[in-house]
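Undergrad: make a model of this:
(chains A and B)
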Amino acid sequence: MHSLAREPSPRRDNHHKPHQAVLTPIRCLLVDDHPAIRVGLRELLRAEPGFEVVESLATAEAALAFAERNRVDVAVVDYQLSGHSGLWLCRMLKRLEDPPAVLMYSAFSDHLLAAASVVAQADGLVSKTALGAELCDRIREVDRGATRLPPMPPSFADSMHRRLDQSEQAIYGLLLAGIEIQEIAGTLQLSIDAVDAQMWIMLSKFERSDRLR
Amino acid sequence: MPLVYRVALVNAVVLVAAVVVTLLILAPHKFSSVADDEAALLAGALVLMGAANLLMLRRVIRPLEALTALARRVDLTRPGQRVPDAAATSEAGELALTFNEMLARLEAERQEATGRVLAGQEAERLRIAQELHDQVGQELTAVLLGLARVHAQVQAPLREGVADVQETVRASLEDVRRIALELRPEALDDLGLTSALAVLGERFAERSGIVVEQRVADRLPALDPNAELVVYRVAQEALTNVARHSGVTRARLELRRDGDNLVMVVSDQGRGLVAGGEPGTGMRGMRERAALIGAELEIGRADGGAGCRVALTVAGAPTRDDR
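TA: Modelled structure (predicted):
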């Protein structure tokens, strides 16, 4: 079984040094198209020490525009958004110069979304059925640079193979192992742009599927 | 008596009567004194005409009989039945041809109606699933978040109560999510029947704790999309029944080929069918769906004598590869 829970990778630059963690709150960007959930999340994080909600937005486009101009530590992103999806936002955020950690927050947190989250380079996936405390823990963990995606059973590999061609499977395997795009490009002897383009195609393959529609 | 003999008999009677009347009119004086050889000639000619009549009648009426027999036993859920050797060489042949054309039209209309019924059902399910997910699910999530905030702020005596409510809301959110998932034919179009059933088995195992042993043969016959949907739904319902009634921890889901047919079997070694029990809505639903595509559904005891076995036999879609 692939384990997708990884401890902080030394490659990732943390935004704050350990001794500052308590003093500097985690700057959170909330993205959900449901107003009640935005309010609920904002109030929950306000009540917890150590978090600062810098903005809560309804669309991927607005969130991206905000993140381009402001520093965000963790983006909590619903998968289902009107317009571009949460996975699209995740990929776009990860292409920023100083990318935030991205925590996908979805009602359907299953294998397929977990696989799609790997391709979108999300740091974590939390079900909307999780209790508030769990959500707070996950935000802290991905902020530290840890990866928190649910494990995938080996039998799921079969349906993965139907979706992806051989080179895509190779990229997927490397992404799953937490390898950065630059290194993937080197390993597969492709240009970074080619890997990047392929990742968009893979993402669209996942999103075309019935389950994530 | 078959039609052909009835008509032949009437014809023969008319013929004999005509001969007798003709004799009486033309040669009444001779009628009582017909020579033996003349009588023999007459009788011979009559028999010959009768036989010729019978033969001709049979040629005409044979297709009619075939047509009647087919009309009596024709079953639109099993398409492809036709009057054999229908040709426009006689009135009856013409009728048989027209009947065949009518059958083809009825089958096409039936298939279209089946497709519409199934598509309508699925569209309705999808709509409910989306509504559950987009409305109820999101609102319950908001409640859960609100409760988390309250939980963090209240003091000891209330705190436990809030935690209980939180747990209840979380459980109902799980239910909403599960029901929404079950309502959608997950990834059937995307993954194909075999993988969609694998996902179904996995998810079922996750939820019910019942291990589903999957046995899938290679080179299964292709099905048309409506039939795939029915196989998927019947498997889903059969597994639900296992969870509800069998009391076991293992079930088996089998897909194999039987000639041109695909056979899907869900079986367990549990308590089996309740003797004399009313068939539940689940079972009726399975039967209705099977009937829609003309599939055969058998519900009975598993091979070992205990437990329950649901077997669905579906005719494969005609594909060019099979020829």
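Undergrad: show me what the helix or strand hosting residue B:57 is packed against.
TA: Secondary structure from DSSP states H and E places residue B:57 in helix B:36-73. Contacting helix B:36-73 under the criterion 3 or more C-beta pairs under 8 Å, 6 or more residues apart in numbering or on different chains; DSSP states H and E are the following elements: helix B:3-26, helix B:91-131. C-beta here means a position set from N, CA and C on the backbone, and glycine is covered the same way.
Undergrad: chain center to that helix: distance?
TA: Remark: helix B:36-73 is offset 42 Å from the chain centroid, using C-alpha atoms, centre = their mean, to the nearest Å.
Undergrad: now swap in stretch A:177-187 and tell me
TA: With C-alpha atoms, centre = their mean, you get 17 Å for stretch A:177-187.
Undergrad: same thing with stretch B:155-162?
TA: 57 Å.
Undergrad: what helix or strand is the residue of the stretch 101-250 of chain B found nearest chain A on?
TA: Here the stretch 101-250 of chain B gets closest to chain A at one residue, residue B:148, 2.4 Å apart by C-beta to the nearest C-beta. Element membership of residue B:148, judged by DSSP H and E, is helix B:138-153.
Undergrad: and residue B:309, by the same measure?
TA: Here residue B:309 is assigned to strand B:308-315, by DSSP H and E.
Undergrad: contact residues of chain B facing chain A?
TA: Proximity of chain B to chain A (C-beta under 8 Å from any C-beta of the partner chain) is limited to residues B:133-134, B:137-139, B:141-149, B:151-153, B:166, B:170, B:173-174, B:177, B:181, B:184-192, B:195, B:198-199, B:202.
Undergrad: quick check: mean pLDDT across the strand holding residue B:309?
TA: The average pLDDT for strand B:308-315 rounds to 91.
Undergrad: stretch B:97-110 now?
TA: Computed over stretch B:97-110, the mean pLDDT rounds to 88.
Undergrad: centre of the chain to that stretch, how far?
TA: The answer for stretch B:97-110 is 18 Å, by C-alpha atoms, centre = their mean.
Undergrad: try stretch B:58-77
TA: Taking C-alpha atoms, centre = their mean, the mean C-alpha location of stretch B:58-77 is offset from the chain mean by 23 Å.
Undergrad: buried set for it?
TA: Applying a neighbour-count criterion of 16 or more other C-beta atoms under 10 Å in any protein chain shown, the buried positions in stretch B:58-77 are B:61-64, B:66-67, B:70, B:74.
Undergrad: tell me the one among those residues nearest to residue A:31.
TA: Of all the buried residues of stretch B:58-77, residue A:31 sits closest to residue B:74, with 60.3 Å by C-beta to C-beta.
Undergrad: the residue in chain A that chain B sits nearest to: neighbour count?
TA: In chain A, the residue that lies nearest chain B is residue A:132 (2.4 Å; C-beta to the nearest C-beta). Residues near residue A:132, counting by other C-beta atoms under 10 Å in any protein chain shown, number 23.
Undergrad: so it touches residue B:153, yeah?
TA: No - the criterion here is C-beta atoms under 8 Å, and residue A:132 misses it with residue B:153 at 11.5 Å.
Undergrad: hmm, back to that, now do the helix holding residue B:57 against helix B:91-131, angle only.
TA: Here helix B:36-73 points in a direction 10 degrees away from that of helix B:91-131 (axes from the mean of the first three to the mean of the last three C-alpha atoms, to 10 degrees).
Undergrad: what's the angle between helix B:36-73 and helix B:3-26?
TA: 150 degrees.
Undergrad: so for helix B:36-73, what's the average pLDDT?
TA: Helix B:36-73 carries an average pLDDT of 85.
Undergrad: return a ChimeraX selection command for the buried portion of the residues of chain B next to chain A.
TA: Paste this into ChimeraX to select the buried members of the residues of chain B next to chain A, with burial taken from 16+ other C-beta under 10 Å:
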select /B:133,137,138,139,141,142,143,144,145,146,147,148,149,151,152,166,170,173,177,181,184,185,186,187,188,190,191,192,195,198,199,202
